[in-house]
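Student: Take a look and give me a structure for this.
(chains A, B, C and D)
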2 protein chains.
Amino acid sequence: MKPETRQQEIIRVAAKLFKEKGYSAVTMRDLATAMDIKAASLYNHINSKQDILESIIISIAEQFTEGMSSVRESNATCIEKLKEIIALHVEVSSTNIYGMAALNHDWMHLEARLNYYKKLRSDYENDFRNILIEGIKAGEISDIKPDVMMFSILTTLRSLYLWIPKKEAIHLNELTNDLNEILIKGVIKQI
Amino acid sequence: MKPETRQQEIIRVAAKLFKEKGYSAVTMRDLATAMDIKAASLYNHINSKQDILESIIISIAEQFTEGMSSVRESNATCIEKLKEIIALHVEVSSTNIYGMAALNHDWMHLEARLNYYKKLRSDYENDFRNILIEGIKAGEISDIKPDVMMFSILTTLRSLYLWIPKKEAIHLNELTNDLNEILIKGVIKQI
DNA sequence: ACACTAAACTAACACTTGTTAGTTTGCTTG
DNA sequence: CAAGCAAACTAACAAGTGTTAGTTTAGTGT
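Tutor: Now for the predicted structure:
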């Protein structure tokens, strides 16, 4: 495991600040203070504030895209695919607790790569929707509007970063199992 | 129905801008431009940018608090109470589509009323959790960690503002019904 | 015609913003 | 010891920030 470069350290600390106050409210002087240096010194390692946001968001978005392409190409049942998606979100969210906040709330401040981000996101949602549509056809899942189902599951998964404390892997597995139960079977007691 | 005051109009337009870019990224000059006046003129109607944020957030938070106190005091079953909470969120979200974004993402920029907001929110969550705990005791709902259930349902409900388009009441009822199904019974097809 | 008032305006303020230029510091390597 | 280099520094910039003070405008009721 190579040690973190100074640049990676800055990006990591920035993500943490972005989570607390949002991209726009964090100044380069805030970031510098958190790094215990002066603002101008940051520019020895990064190109701009924008660039920091881009690295954070695009890197995570691509992890989701990659994960979804695995799920898409597996030939599991729809329910199993849903479980894989849930596991994907727990995995990516737990390894990017801070970055997920920027992904969810600050993507609109992307400039050069805004359209790229939007494409990744809409492709992801299309894949997700198609899985649900297949599941309905196959009689595996309820015949409710796929968009509403997707919205419901996806917003829960997208908010995981708020919820996942610093848990060890074992607790993350528990969380994954609980989410599988709740999102798939609901909260009502089965008879 | 009284016509909107100029102040209310400014707050409404501000909420819309806050939804698009977040509180910190919206300048008083942005807001003035959207109102088709100069920035200084805004101050004939409002005290500060902060005050605008406060009105938006606190007003909505209090609607939720009020709604929850109705639910808490009804003597319905747990599942029925859950349905009432879902209806509450659809109602409040659909009448505050723009303000909900500030509530969810910009509450940390509250200053004087930050602690008041936090108290309202944690009281709300406690009421919610207690309903789930009662439901588990009564054997109505699954014996999964109440916090995970609450998180799952609440994050979906809190994101409704992203989802609710300008639908008429009839479509909102459909949405409410679909959410009832999904959040309570899950997506799996019942046998 | 008059005073009153709501709501706009212009001009300016003190401060903060992201960023650049040029310089210094202190470690590592030949 | 000398050279090279990564990474810090100071100083400054132009533009943008929320907000205030004082003034003008246009419409209303007496």
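Student: can we go C-alpha only for contacts and neighbour counts from here?
Tutor: Fine.
Student: From DNA strand C, how far off is the residue of chain A found nearest chain B?
Tutor: The nearest approach of chain A to chain B comes at residue A:186, 3.6 Å away (C-alpha to the nearest C-alpha). According to C-alpha to the nearest atom of the strand, to the nearest Å, residue A:186 and DNA strand C sit 43 Å apart.
Student: Skipping adjacent residues, who's closest to that residue in space?
Tutor: residue B:186 (3.6 Å; C-alpha to C-alpha, 6 or more residues apart in numbering or on different chains).
Student: DNA strand D contacts on chain A?
Tutor: Residues of chain A lying close to DNA strand D (C-alpha under 7 Å from any atom of the strand) are A:5, A:6, A:36, A:37, A:38, A:39, A:40, A:41, A:42, A:44, A:45.
Student: Can you say which helix or strand has the nearest residue to the second one once chain neighbours are set aside in it?
Tutor: Yep, that's residue A:6 we're talking about. Excluding the flanking residues, the one nearest residue A:6 by C-alpha to C-alpha, 6+ apart is residue A:45, at 6.9 Å. Using DSSP states H and E, no element contains residue A:45; it sits outside every helix and strand.
Student: in chain A, which ranges drop under the pLDDT threshold?
Tutor: Of all residues in chain A, those with pLDDT under 70 make up the ranges A:1-2, A:166-170, A:187, A:191.
Student: surely the residue nearest to residue A:6 meets residue A:9?
Tutor: No: if you go by C-alpha atoms under 8 Å, residue A:45 and residue A:9 don't touch, sitting 9.9 Å apart.
Student: what's the spacing between the helix or strand harbouring residue A:62 and its chain's center?
Tutor: Element membership for residue A:62, per DSSP H and E: helix A:49-73. Computed by C-alpha atoms, centre = their mean, to the nearest Å, the chain-centroid distance of helix A:49-73 equals 8 Å.
Student: What are the buried residues along it?
Tutor: By 16 or more other C-alpha atoms under 10 Å in any protein chain shown, the buried positions in helix A:49-73 come out as A:49, A:52-54, A:56-58, A:60-61, A:64-65, A:67-68, A:71-72.
Student: Could you check it against chain B for contacts?
Tutor: No: figure legend: helix A:49-73 not in contact with chain B (C-alpha under 8 Å from any C-alpha of the partner chain); closest approach 13.7 Å.
Student: helices or strands next to that helix in the packing?
Tutor: Packing contacts for helix A:49-73, counted by 3 or more C-alpha pairs under 8 Å, 6 or more residues apart in numbering or on different chains; DSSP states H and E, involve helix A:6-21, helix A:78-95, helix A:99-105, helix A:114-137.
Student: Most tightly packed of the ones you listed?
Tutor: Across the helices and strands packed on helix A:49-73, averaging neighbours per residue (mean count of other C-alpha atoms under 10 Å in any protein chain shown) puts helix A:99-105 on top, at a mean of 23.
Student: can you list contacts of that one?
Tutor: Here helix A:99-105 makes contact (C-alpha atoms under 8 Å, 6 or more residues apart in numbering or on different chains) with A:15-16, A:18-19, A:22-23, A:53, A:56-57, A:60-61, A:93, A:158, A:161, B:105.
Student: and that helix, how far out from the chain's middle?
Tutor: Centroid separation for helix A:99-105 versus its chain: 7 Å, with C-alpha atoms, centre = their mean.
Student: Likewise for stretch A:121-141?
Tutor: The answer for stretch A:121-141 is 19 Å, by C-alpha atoms, centre = their mean.
Student: Quick check: residues of chain A near DNA strand C?
Tutor: Applying C-alpha under 7 Å from any atom of the strand, one finds that chain A approaches DNA strand C through A:24-29, A:39-41, A:43, A:47-50.
Student: where's residue A:78 relative to DNA strand D, distance?
Tutor: As judged by C-alpha to the nearest atom of the strand, residue A:78 and DNA strand D stand 47 Å apart.
Student: again but with residue A:144, I slipped
Tutor: For residue A:144, the distance to DNA strand D equals 44 Å [C-alpha to the nearest atom of the strand].
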